[in-house]
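Trainee: let me see the structure of the following:
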Amino acid sequence: MSGSVSSPMAGASQRSMHAWLLLLPALVLLVTFTHWPTVATLIDSFFSTPKGARPAQWVGLENYAVMADDPVFWQAVRNNLWFAAATIPASIGLALLMAVWVNERIAGRTFLRMAYFTPTVLPMIAVANIWLFFYTPQYGLLEQFTGALGFASHNWLGDPATALACVTLVAVWKEAGFFMIFYLAALQTLNPSLKEAAAIEGASRWYFFRRVQWPLLMPTTLFVLINAVINAFRLVDHVFILTRGGPDNATTLLLYHLYEVGFKFWDTAYAAAITVVLVAVLAGVALFQFFVLDKKVHYQ
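Mentor: Numbering: from 1, shown residues only. Below you'll find the model as predicted:
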């Protein structure tokens with residue numbers, strides 16, 4: 001009797017061990033490259049930056065106090081908030097519009113899908129260099145177009161009033177095609193009978209989208225929104241190529257400021273403090289979206 005009881009328990013224990021062994025490589029990579037660096041960065045933020053023979057010293061919250069008094073940091077925060085407020089709704093709205101359009105039976109649908117998705121597969125450095133040519137004063141493509149309309153030459157990336165808007169436009173152009181893929185996939189999973197029923201009832205296309213498609217797309221929208229928020233606070237490639245944070249820190253975003261502090265000024269302890277704040281804010285936003293906005297999502 002005891003052998004018959006222990007046999008299922010031994011089998012369950014063996015299956016559990018196999019499961020953990022299968023998960024072990026992924027867990028090792030996750031802990032090594034995600035969890036441990038996060039904990040190490042948090043610890044480093046409470047120490048000074050080691051320089052030469054001088055080891056790191058415990059300084060407590062001094063790095064955070066320096067951050068609170070750093071005008072460039074707060075300028076980067078304001079820039080990033082404006083950047084996020086523009087890129088998130090613009091990229092999501094444009095992605096949804098493109099997805100709805102290429103989901104219809106139209107001529108050249110495959111070509112349109114490819115054209116919309118192409119910016120996503122291009123390297124970010126290459127994208128920034130393409131747009132750098134567009135914005136170049138006097139002989140750039142944008143200058144050629146505005147000059148043909150009779151407007152005066154303008155240094156788009158050298159003017160603090162327009163530099164951030166130019167960087168924002170590049171980000172929207174790069175991300176909209178990526179988000180479109182998720183919306184297009186979600187649209188193609190919807191039951192075609194819903195559209196047929198709406199057509200029989202005489203519903204307009206706008207009414208059908210607002211009352212049927214949009215509520216059913218809310219799970220996808222939540223996923224896209226979380227990614228859009230994270231992307232808005234981790235942009236550095238475009239800024240590095242287009243403006244290097246200028247002019248006068250007008251395009252300095254948080255991650256670029258973090259890069260400059262850590263790798264240009266080599267103040268790794270202060271950079272660790274900025275990293276902790278940035279990760280904490282992004283984690284809080286993600287948790288809010290998952291646990292608060294998720295309640296308003298209608299799943300099929």
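Trainee: could you point out the helix or strand that follows the one helix or strand Ala186 maps to?
Mentor: Per DSSP states H and E, Ala186 falls inside helix 163-189. Under the assignment DSSP H and E, the closest C-terminal helix or strand after helix 163-189 is helix 192-200.
Trainee: neighbouring contacts of that next one?
Mentor: Tyr207, Phe208, Val212 (C-beta atoms under 8 Å, 6 or more residues apart in numbering). Glycine gets a C-beta too; all of them are placed from N, C-alpha and C.
Trainee: next structured bit after it?
Mentor: Taking DSSP H and E, what comes next after helix 192-200 is helix 205-208.
Trainee: that next one packs against which elements?
Mentor: Packing partners of helix 205-208 (3 or more C-beta pairs under 8 Å, 6 or more residues apart in numbering; DSSP states H and E): helix 192-200.
Trainee: give me the nearest residue to the residue nearest the centre of the chain, chain neighbours excluded.
Mentor: Geometric centre of the chain, nearest residue: Asn231, 1.3 Å, by C-alpha atoms, centre = their mean. Spatial nearest neighbour of Asn231, excluding adjacent residues (C-beta to C-beta, 6 or more residues apart in numbering): Glu175 at 6.1 Å.
Trainee: same question, Asn155
Mentor: Nearest one to Asn155, counting by C-beta to C-beta, 6+ apart, is Pro137 at 4.7 Å.
Trainee: the one you found against Thr162, yeah?
Mentor: No. In this structure Pro137 lies outside contact range of Thr162 using C-beta atoms under 8 Å: 11.7 Å.
Trainee: what's the pLDDT at the residue nearest to Asn231?
Mentor: At Glu175, the predicted lDDT confidence score is 92.
Trainee: contact partners for it?
Mentor: Glu175 neighbours (C-beta under 8 Å, 6+ apart): Thr87, Ser91, Ala95, Thr120, Ala228, Asn231.
Trainee: sorry, back to before: need the residues touching each of Pro137 and Thr162.
Mentor: Counting by C-beta under 8 Å, 6+ apart, the residues touching both Pro137 and Thr162 are His154, Trp156.
Trainee: okay but Asp267 is in contact with Lys51, surely?
Mentor: No. The pair Asp267 / Lys51 is not scored as a contact, 9.7 Å apart, by C-beta under 8 Å.
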